[in-house]
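>>> Let me see the structure of the following:
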Amino acid sequence: MQRLIIASLILLLSLHAIAQTPATTPSDPQYTADPSRNVFTAGVFGKLDHEKPVGWADTKAFDDGDASMTAGGRSLQLAADSNASAVVSTVMPLKPEWGWLTVAARERGQGLKPAAGGKASVNFILLDADGKPIRTVAEFEPRTQGYTDWQEPSRSFKVDDGAKSLRIEITIAHCDGDFEIGEVLVVPNDPSKELTADQVEALHDAIDADDAVKVKQLISADKRYLEARNRGCDGGTPLIMTAWIDKPEITKLLIEAGADVYGVDRNWKQTALCWAGFWGRPAVAKLLLDAQTDAAKKIADAKKALGSAEFAMKSRKSGDATDDERREVIQLLKDASTQPLPDK
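Here you go, the predicted structure:
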């Protein structure tokens, strides 16, 4: 039996939001890079987990195919045997001003076993004015061997002349196991605003070396560095990196420069505080807690981080933290997560 689970939504970021932002200068934090160095408006991956753009906030956007909603309507499932196939799809109109797009999917194929000629994939196909295919611009297949947990492939491409819409389809054919989709993302982008691979590497090298002077110099010249991710730290932000490798001085510097304390990594959707808990970094955790001014968000973040810290303490399989450091960070998170909300 094969099954396709869509755990989240198709999400489209309206170009209107980009159009309202002022012209970008090197110091304006208008753009951010994902681990593959594609460029989006600042914070888009973190924000889309909590904000559902108008018109695409319903899994029924996948309107073509034999599908059924799960209990609570939180996911979409397709089922077929290993001798059959199933597909769900939607067609998204493209605006004339969209010269470049980036598409991404969060997917995993745990237990997925394709038969001969079988496959599962998320496909993106440009269509002309008559709805006929121009070309397939991206095809993301989950891993079926080795590491089969969440992967987030992405690709940027130039929109072909004559392309009027984008067909997004999720297929499973002649497979046993589950194909799970956490999200599919389509955003307009501007490759001219990207940081280069060398620029991203320079920042991460400076953080690793605990070179606060260099980090400050880079961020002061270009705020995009605050979101410059690479494939390390599960695709986390520079702030998340400081929690992984215990660089509290850099943590403080990044917070003061405007880093998003609620930004999450690409693979596990964990905040910097969650990673500080997991890796047993009390100094970093305290700085992150002190930087949070929204009481409700702070409590929620602390509760989630506490779960990560307690799990790591029990397993003792992660990192170089001592038991005393782990106990200290757990106590910090317990205190923060049990604070009463202020009266409104």
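
>>> and Gly162, that one's in a strand?
No. Using DSSP: H, G, I helix; E, B strand; the rest coil, the assignment for Gly162 is coil, not a strand.

>>> Pull up the per-residue confidence for it.
We have a pLDDT of 96 for Gly162.

>>> helices or strands up against the strand ranked longest in the chain?
For the chain, the strand with the greatest residue count under DSSP state E is strand 165-188. Judged by 3 or more Cβ pairs under 8 Å, 6 or more residues apart in numbering; DSSP states H and E, the packing partners of strand 165-188 are strand 2-6, strand 10-12, strand 85-93, strand 100-108, strand 113-127. (C-beta placed from N, C-alpha, C; glycine too.)

>>> Hey, what's the angle from the longest one to strand 100-108? Just curious.
Spelled out, it's strand 113-127. Using axes from the mean of the first three to the mean of the last three Cα atoms, to 10 degrees, the inter-axis angle of strand 113-127 relative to strand 100-108 is 160 degrees.

>>> strand partners of strand 113-127, parallel vs antiparallel please.
strand 133-140 (antiparallel), strand 165-188 (antiparallel) (DSSP bridges).

>>> least reliable of the helices and strands packed on strand 165-188 going by mean pLDDT?
With a mean of 36, strand 10-12 has the lowest mean pLDDT of these.

>>> where does the stretch 1-150 of the chain dip in pLDDT?
1-84, 110, 147 (pLDDT under 70).

>>> returning to what we had before: quick check: buried residues in the longest strand of the chain?
Buried residues in strand 165-188, defined by neighbour count with 16 or more other Cβ atoms under 10 Å: 166-175, 177-188.

>>> next one: stretch 96-113
Going by neighbour count (16+ other Cβ under 10 Å), the buried part of stretch 96-113 is 98, 100-109, 112.

>>> now, which of the residues you listed sits nearest Lys214?
Comparing those against Lys214 with Cβ to Cβ places Thr102 closest, at 29.2 Å.

>>> Looks like the closest one contacts Lys158 (just checking).
No. Using Cβ atoms under 8 Å, Thr102 is not in contact with Lys158, being 11.1 Å away.

>>> just how off-centre is stretch 142-152 within its chain?
Once both centres are worked out by Cα atoms, centre = their mean, to the nearest Å, stretch 142-152 turns out to sit 16 Å from its chain's centre.

>>> contacts for that stretch?
Applying Cβ atoms under 8 Å, 6 or more residues apart in numbering, the external contacts of stretch 142-152 come out as 34-35, 104-114, 120-121, 179, 182, 235, 266-268.

>>> That one spans what distance, first to last residue?
End-to-end distance of stretch 142-152 (Cα to Cα, to the nearest Å): 9 Å.

>>> Pull out the buried residues from it.
Result for stretch 142-152 [16+ other Cβ under 10 Å]: buried residues 142, 144, 150-152.

>>> repeat for stretch 211-231
By neighbour count with 16+ other Cβ under 10 Å, stretch 211-231 contains the buried residues 211-212, 215-216, 218-219, 222-230.

>>> Let me see the ranges of the helices in the protein.
15-19, 44-47, 197-208, 212-221, 238-245, 248-257, 272-279, 282-290, 295-315, 323-337 (DSSP state H).

>>> how about these in TSV, adding distance to Ser89?
Listed next are those as TSV, based on distance: least, Cβ to Cβ, whole Å:
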stretch	distance to Ser89
helix 15-19	22
helix 44-47	23
helix 197-208	34
helix 212-221	42
helix 238-245	34
helix 248-257	41
helix 272-279	35
helix 282-290	41
helix 295-315	34
helix 323-337	42
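
>>> Can you give the distance from stretch 178-193 to the centre of its chain?
Distance of stretch 178-193 from its chain centroid, counting by Cα atoms, centre = their mean, is 9 Å.

>>> Apologies, that question was intended for stretch 234-249.
In terms of Cα atoms, centre = their mean, the centre of stretch 234-249 is set 16 Å apart from its chain centre.

>>> Please apply the same query to stretch 128-144.
Worked out by Cα atoms, centre = their mean, stretch 128-144 lies 22 Å from the chain centre.

>>> and that stretch, how far apart are its ends?
34 Å.

>>> Geometrically speaking, which residue is the centre of the chain?
By Cα atoms, centre = their mean, the chain has its centre lying nearest to Arg266, at 3.6 Å.

>>> Might one say that that one is in contact with Gly232?
No. Counting by Cβ under 8 Å, Arg266 stays clear of Gly232, with 11.0 Å between them.
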